[in-house]
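[1] need a 3D model of the following:
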Amino acid sequence: MSFSPITRAGWLIAVLVIMLLAGCATRSETPPQPEPVSTAQPTAAPAAAPTADAGEPDGTEPRPLTVWLPAELVPGEMEGSYLDVAIQAFENQQSGRQVRIQPKGMTGAGGMLGLLLATYAAAPALMPDLALVDAADLPRLAEAGIAYPLDPYLPKDTWQVIYALALRKDQDHMAVPYLTDPLILAYDTASHATPPRSWAATMPGTSQMAFPAAVPVGDLSDAFMLQYTALGGIFNDGSTATLDLSKTGQVLRTLDAYITNKVVTASSLEMSTYQDCADALQRNQVNLAVLPYSVYRANRFSAGGVGIATVPTINGKPATLTRTLVWVVTTADAERRTLALDYLRLMLAPELAAQCAGECLLLPAQRQALELAVSDAQQRALFETLLATADTLPDGRAQQVIRPLIGQAVDGVLRQQVSPEEATESLGKAIEAMR
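    Predicted coordinates:
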C-alpha cells in the first residue's frame, strides 16, 4: 500500500501544532537532573571518542542528544531509574553533553509513527537522534528513509544475542529489538496442575478460558493471529496483506468448537481488554486467561496461585505474538549518529537493559539481560522458549487492513452468527477486494 500525498505546507502546519500540543501535554522535555549520586554504571563496550557537533560554533553549548521514548516508559521519579543511570553515564562519557528525553504517545496522528513521518517531511531539523518505536512501524519508517542501517556501527555479536526477529531492509539491520511483551497463558494452579499445551488438551467442563472477545474495542484478532502464525500462516506477501484460507478455516473451526464445548464462555464475549481477562481470573470466573506479560506483571499474579505457560495452540507447538519495541537511529547527520550510537550502546548493556525491562514491566530482548531480569529458572526457560519462536505482530499497514476483517469474522463465529466456512469465504473475498 502507498500513502496518500499530503502537501508540504499541510505537513508543516500539522507538525507545529502537534509538537506544541505534545510539549504542553508532557512534563519538561529535558528530565530534571538530580544531584550527583553514587550509582552503579552499566557495563558497556568501549565507546567511540566524543565527537564535536557539526555546525556548533566555538564557545556555544553543545546541542543535546534528543531521544524520543514511548511516554509510558518515562519514569515519574527519575532519580535512580534506568533513565537516570543512562543519562548520567552518557553525560559523563560525553563531557557533559546533555540528553533531551521527549515522551511521545504510540498511537494516532500525534503518536510516535505519525510524528516521525510528519517531522521528517516538513521539518527534518527537528528530528530526534534516536527513537524507541514499535517494530510494527519499522517498514513505514524504513520506506520513508528515516531508519538507518546499523550493521556498520554495532558489533556482529549484537545480532547473536537478540531474541526477537532481526529487523532488516534487504540485508541490513535497521533496528535493534530492546523490549518485548509476549502473550502468555496465566492459569489457576488449583484447577490445572499442568497447563494445557494444545487446544485439544483444554477440557470441556474443566477449562474456562478468557481472551478479549468484545468487538469493536477488544483485541479479538490476537487470538486468531497467534493460532494462525503457529500453523505457519503469514499476513504479508511483500507489501500486500494476505491470508492463507486453509489455515484461516482451521483456526475458525477450532474457535467454533471452543464455544460449542463452553471452553470459551459467554462472559468472554463481553471482555474488551486484557485487563478484563485478568480481573476474571482474579475473581475465579475463569481458570485460564491469555494475557500479555505486562498485564500479568501489573496484576502481581506472581504472588501465588497463578502459573504461567505458553498459550495452547492447535498443533501443540509453542508460539506467541509479541509487541516489540526497537531502537532506530533517526538522524541523518553523521556526527550526531555517532552520539546516538554511543547512547544506544549504553542502553544495550545487559545490566541496564534488565533494569529498564523490570521497571517497565516488560521483558528484555537480549539473552544476557533476560538472565538478569528473570531470576526464576523455570520462568526464564519459558520465556527463552517463547522469545526464540516469537512472531512480531504484522506491520502497521497489514494490521490496519487485516485486524478489522479478522475481528468481524471471529466475532461472527464466536457468537454463532455465521459458520466457520462462511466466515472464511467472506474473509477471502474481503482481502481479495482490497488488492
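
[2] avg pLDDT for stretch 148-160?
    For stretch 148-160, the mean per-residue pLDDT is 84.

[3] buried residues in that stretch?
    148-150, 153-154, 158 (16 or more other C-beta atoms under 10 Å). Just so you know, the C-beta spots here come from the backbone N, C-alpha and C atoms, and that holds for glycine as well.

[4] and the end-to-end length of it?
    With C-alpha to C-alpha, to the nearest Å applied, stretch 148-160 spans 20 Å between its terminal residues.

[5] then stretch 144-159?
    Stretch 144-159 stretches 24 Å from its first residue to its last (C-alpha to C-alpha).

[6] what's in contact with it?
    Identification of contacts with stretch 144-159 by C-beta atoms under 8 Å, 6 or more residues apart in numbering yields 45, 116-117, 120-121, 127, 138, 141, 166, 169, 172-176, 328-330, 332, 337, 341, 344-345, 348.

[7] report the buried members of those residues.
    116-117, 120-121, 127, 138, 141, 169, 173-176, 328-330, 337, 341, 344-345, 348.

[8] what about these, which are in strands?
    Counted as lying in strands by DSSP state E, out of those, are 169, 173, 176, 328-329.

[9] what is the nearest of those to Gln366?
    For these, the residue nearest Gln366 by C-beta to C-beta is Val176; the value is 9.2 Å.

[10] mind listing what the nearest residue in space to the closest one that is not next to it in sequence touches?
    Spatial nearest neighbour of Val176, excluding adjacent residues (C-beta to C-beta, 6 or more residues apart in numbering): Trp327 at 4.5 Å. If a contact means C-beta under 8 Å, 6+ apart, then Trp327 has 130-132, 175-176, 178, 344, 347 as its contacts.

[11] which pair of the residues you listed spans the longest distance?
    Checking those with C-beta to C-beta, the most distant pair is Ala175 and Met347, at 13.0 Å.

[12] pLDDT value on the residue nearest to Val176, please?
    pLDDT at Trp327 comes out at 96.

[13] now the buried residues of stretch 148-160 as CSV including distance to Gln208 and secondary structure?
    Converted to CSV, the buried residues of stretch 148-160 look like this (distance: C-beta to C-beta, whole Å; DSSP: H, G, I helix; E, B strand; the rest coil):
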residue, distance to Gln208, secondary structure
Tyr148, 49, coil
Pro149, 49, coil
Leu150, 46, coil
Tyr153, 51, coil
Leu154, 47, coil
Thr158, 44, helix
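
[14] what is the nearest of the residues you listed to Leu231?
    Thr158 (31.6 Å).

[15] follow-up on the earlier one: return the subset of the contacts of Trp327 lying in helices.
    Within the contacts of Trp327, residues falling in helices by DSSP state H are 344, 347.

[16] just put the contacts of Trp327 in JSON lines and tack on pLDDT.
    Output for the contacts of Trp327, formatted as JSON lines (pLDDT from 0 to 100):
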{"residue": "Leu130", "pLDDT": "98"}
{"residue": "Ala131", "pLDDT": "98"}
{"residue": "Leu132", "pLDDT": "98"}
{"residue": "Ala175", "pLDDT": "92"}
{"residue": "Val176", "pLDDT": "92"}
{"residue": "Tyr178", "pLDDT": "94"}
{"residue": "Leu344", "pLDDT": "97"}
{"residue": "Met347", "pLDDT": "97"}
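
[17] closest one of the contacts of Trp327 to Phe383?
    Among the contacts of Trp327, and counting by C-beta to C-beta, the member closest to Phe383 is Tyr178, at 15.2 Å.

[18] where along this protein do the strands fall?
    Using DSSP E, strands in the chain cover 65-70, 99-104, 130-134, 168-169, 172-173, 176-188, 209-210, 236-237, 240-241, 288-292, 306-309, 321-329, 363-364, 391-392.

[19] which stretches of the stretch 301-435 of the chain form helices?
    Remark: helices assigned in the stretch 301-435 of the chain by DSSP state H, counting those that start in this stretch are 334-348, 350-360, 367-373, 377-389, 396-414, 420-433.

[20] those: which one's closest to Lys262?
    helix 396-414 (12.1 Å).
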